[in-house]
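*Asks:* I'd like to go over a predicted model; first the sequence, then the structure.
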Number of protein chains: 2
Amino acid sequence: MRKSTSAIIAEVPLFNGLPDDQLDKIDSIAVPKMVEKGSIVFSDGETANGFYVVADGTVKIYKLSMEGKEKILHIFGPAEPFGEVPVFAGANFPANAQAVTKSRLLFFPREAFVRLIIDTPSLCLNMLAVLSLRLRQFTDQIENLSLKEVPARLASYLLSLSKEQGIEEEVTLPISKGQLAGLLGTIPETLSRIFARMAQQELIVVTGRRIRLMDRDGIEALVSNGKLLE
Amino acid sequence: MRKSTSAIIAEVPLFNGLPDDQLDKIDSIAVPKMVEKGSIVFSDGETANGFYVVADGTVKIYKLSMEGKEKILHIFGPAEPFGEVPVFAGANFPANAQAVTKSRLLFFPREAFVRLIIDTPSLCLNMLAVLSLRLRQFTDQIENLSLKEVPARLASYLLSLSKEQGIEEEVTLPISKGQLAGLLGTIPETLSRIFARMAQQELIVVTGRRIRLMDRDGIEALVSNGKLLE
DNA sequence: ACCGTGCCTTGACTTAGATCAAAAAAGGTG
DNA sequence: CACCTTTTTTGATCTAAGTCAAGGCACGGT
């Protein structure tokens, strides 16, 4: 049974703590939109006139190099907003967005949303919190990309997944390994080799998208010292 | 002649368009702070109870690797705010801040500032714009780090400097070449070699911190196709 | 002018990871 | 279940950039 628009809105952290009448207003400006797997939600540089919230499904935000290599910036799932940057600064999207699976989105037109924010201080603070959190994540990504090598990035990703999924011993990749390579700033071949090496060192056991964390301490050590034996 | 606190506040883009009485309130919560060259303003992970605005001088925001390598995230000059993230999400600073030169800062205590934001919608929108702009810059940095190689990053930095300084033919590096290496996500040796190659290809002429842009089209081509001949 | 300390450059070498090519698994569909 | 597509793995090779080690340069202080 599919949730109603208003039921989804009530679950979005961005709208947490708002009085019911404000939630109703938000509901009234939301425009539902279904997108098929693989369809482009928006493209880098395109003029934006609003932002989105994922109701169902998964959306990836990414940049493309000249040669077509893909760097994934975010993977967003239910209740997560995306594409908010051009609502507040600049007029165009800073990256591409594509549906990873068939998804239901809510679109919030810029003008109406800004009006709403202006007379809802707590919505404004929520939005500031969302953007601040993103900045934190980006700070980590930049740190990982320029200060750590791929094994450490993968290890740190696995640990964050395990935290997020609330399971100590095993995690399930939410995306394909090819996509994961793009998220970690590398390519599938390299990622595959590193999975193999981590398995050989008995840090993990890989079964498709299931990763069993055999040696949590070892994985943590890998995050900090970065060295993975051959 | 040194500007007064209130004169500085009036020039900060974050406070643009605010009525005078609001500017006075901002002035009243600002705490001036002098820092010597090289002194640490805050450290990664430290609990934050407010953010800063540069009044005079230059401050760098950076991350350190285990081995001591430094990745600079931002270089901030007069009228630019920094350290705002923990005001709105999380409790601690996500990176380090150090004065590059002797600097005068204004400190804004979190609680008082949040109160101010709550009843000043346009201040809130300004802050949203600041954070959104940062996200845009970080998006570019991530793109550069994972999708482009060092020559393209340097070329794109030089072009952005020329735009910022409003001079077509020549730019002046605002930081040492060693620091620039940290900003571009590389090391001084590599940066030095690439400067040499760009000079040899007659794209630029380097004289200390002065870089003369001899072949703007060539530099732009380097940004997009990334290839720099030996 | 001299000398040091920090900054920058150059050279020889090593290495992580990308590229190219192809085989092997895994999945979905009729 | 056989077929076709997509994903993943493996192997061989290449290259951008990091490391290590010296020199050279330049600026500020005595």
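*Replies:* Happy to help now that I have it.
*Asks:* can you give me the helices for chain A?
*Replies:* Using DSSP state H, the helices of chain A run over A:5-11, A:20-29, A:85-88, A:110-118, A:121-147, A:150-165, A:177-184, A:188-200, A:216-225.
*Asks:* among the ones you listed, which is the most enclosed?
*Replies:* Among those, the stretch with the highest mean neighbour count (mean count of other CB atoms under 10 Å in any protein chain shown) is helix A:85-88, at a mean of 23. All C-beta spots, glycine's among them, are computed from the backbone N, C-alpha and C.
*Asks:* OK, contacts around A:P81?
*Replies:* A:V12, A:L14, A:F51, A:Y52, A:V53, A:V54, A:V130 (CB atoms under 8 Å, 6 or more residues apart in numbering or on different chains).
*Asks:* the first one against A:G77, yeah?
*Replies:* No: between A:V12 and A:G77 there is no contact, the gap being 11.8 Å when judged by CB atoms under 8 Å.
*Asks:* neighbour count winner among these two?
*Replies:* A:V12 (21 against 14; other CB atoms under 10 Å in any protein chain shown).
*Asks:* any regions of chain A where pLDDT drops low?
*Replies:* A:1-2 (pLDDT under 70).
*Asks:* kindly report the residues of it close to DNA strand C.
*Replies:* A:E67, A:K69, A:E149, A:V150, A:P151, A:G185, A:T186, A:I187, A:E189, A:T190, A:G208 (CB under 7 Å from any atom of the strand).
*Asks:* tell me the contacts of the second one?
*Replies:* So that's A:K69. Taking CB under 8 Å, 6+ apart, one finds A:G182, A:I187, B:L147 in contact with A:K69.
*Asks:* now distance to B:G178 too, for those, in TSV please.
*Replies:* TSV is the format used below for the contacts of A:K69 (distance: CB to CB, whole Å):
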residue	distance to B:G178
A:G182	32
A:I187	31
B:L147	25
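*Asks:* between those, which is nearest DNA strand C?
*Replies:* A:I187 (4.5 Å; CB to the nearest atom of the strand).
*Asks:* now the residue nearest to that closest one when sequence neighbours are not counted: how far from A:R193?
*Replies:* By the measure of CB to CB, 6 or more residues apart in numbering or on different chains, the closest residue to A:I187 outside its immediate chain neighbours is A:A181, 5.3 Å from it. Plainly put, A:A181 is 11 Å away from A:R193 if you go by CB to CB, to the nearest Å.
*Asks:* ends of stretch A:111-126, what's the gap?
*Replies:* Start-to-end span of stretch A:111-126 (CA to CA, to the nearest Å) is 18 Å.
*Asks:* ok, residues contacting that stretch?
*Replies:* In contact with stretch A:111-126 (CB under 8 Å, 6+ apart) are residues A:13-18, A:22, A:25-26, A:29, A:49-51, A:87, A:127, B:88, B:114, B:117-119, B:121, B:124-125, B:128.
*Asks:* go again using 7 Å as the cut-off
*Replies:* A:14, A:16-18, A:22, A:25-26, A:29, A:50, A:87, A:127, B:88, B:118, B:121, B:124 (CB atoms under 7 Å, 6 or more residues apart in numbering or on different chains).
*Asks:* next, format the contacts of A:P81 as JSON lines and append distance to A:E168.
*Replies:* Formatted as JSON lines, the contacts of A:P81 follow (distance: CB to CB, whole Å):
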{"residue": "A:V12", "distance to A:E168": "29"}
{"residue": "A:L14", "distance to A:E168": "30"}
{"residue": "A:F51", "distance to A:E168": "35"}
{"residue": "A:Y52", "distance to A:E168": "34"}
{"residue": "A:V53", "distance to A:E168": "31"}
{"residue": "A:V54", "distance to A:E168": "27"}
{"residue": "A:V130", "distance to A:E168": "29"}
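*Asks:* among those, which one sits closest to chain B?
*Replies:* Nearest to chain B, judged by CB to the nearest CB, of the contacts of A:P81 is A:V130 at 7.9 Å.
*Asks:* I'd guessed that closest one sits against A:L14; true?
*Replies:* Yes: between A:V130 and A:L14 there is a contact under CB atoms under 7 Å: 5.6 Å.
*Asks:* do you know which of the helices of chain A lies nearest A:S39?
*Replies:* Closest approach to A:S39 among the helices of chain A (CB to CB): helix A:177-184, 16.1 Å.
*Asks:* now do the closest one against helix A:188-200, angle only.
*Replies:* 100 degrees (axes from the mean of the first three to the mean of the last three CA atoms, to 10 degrees).
*Asks:* grab the nearest non-local neighbour of A:I219.
*Replies:* Closest to A:I219 by CB to CB, 6+ apart is A:A155, at 4.9 Å.
*Asks:* show me what contacts that neighbour?
*Replies:* A:I219, A:L222, A:V223.
*Asks:* go again with 8 Å.
*Replies:* Contacts of A:A155 (CB under 8 Å, 6+ apart): A:M198, A:L203, A:I219, A:E220, A:L222, A:V223.
*Asks:* contacting residues for the fifth one?
*Replies:* Looking back up the chat, that one is A:L222. A:P151, A:A152, A:A155, A:M198, A:L203, A:L228 are the contacts of A:L222 under CB under 8 Å, 6+ apart.
*Asks:* Serialize the residues of chain A next to DNA strand C to a markdown table and add fields for distance to B:I167.
*Replies:* Converted to a markdown table, the residues of chain A next to DNA strand C look like this (distance: CB to CB, whole Å):
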| residue | distance to B:I167 |
| --- | --- |
| A:E67 | 32 |
| A:K69 | 34 |
| A:E149 | 39 |
| A:V150 | 40 |
| A:P151 | 44 |
| A:G185 | 34 |
| A:T186 | 38 |
| A:I187 | 39 |
| A:E189 | 44 |
| A:T190 | 42 |
| A:G208 | 56 |
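*Asks:* quick check, nearest of those residues to B:D140?
*Replies:* A:G185 (14.6 Å).
*Asks:* follow-up on the earlier one: among the contacts of A:P81, which ones are buried?
*Replies:* Among the contacts of A:P81, those classed as buried by 16 or more other CB atoms under 10 Å in any protein chain shown are A:V12, A:L14, A:F51, A:Y52, A:V53, A:V54, A:V130.
*Asks:* hmm, A:F93 is touching A:P86, no?
*Replies:* Yes: if you go by CB under 8 Å, A:F93 and A:P86 touch, sitting 5.7 Å apart.
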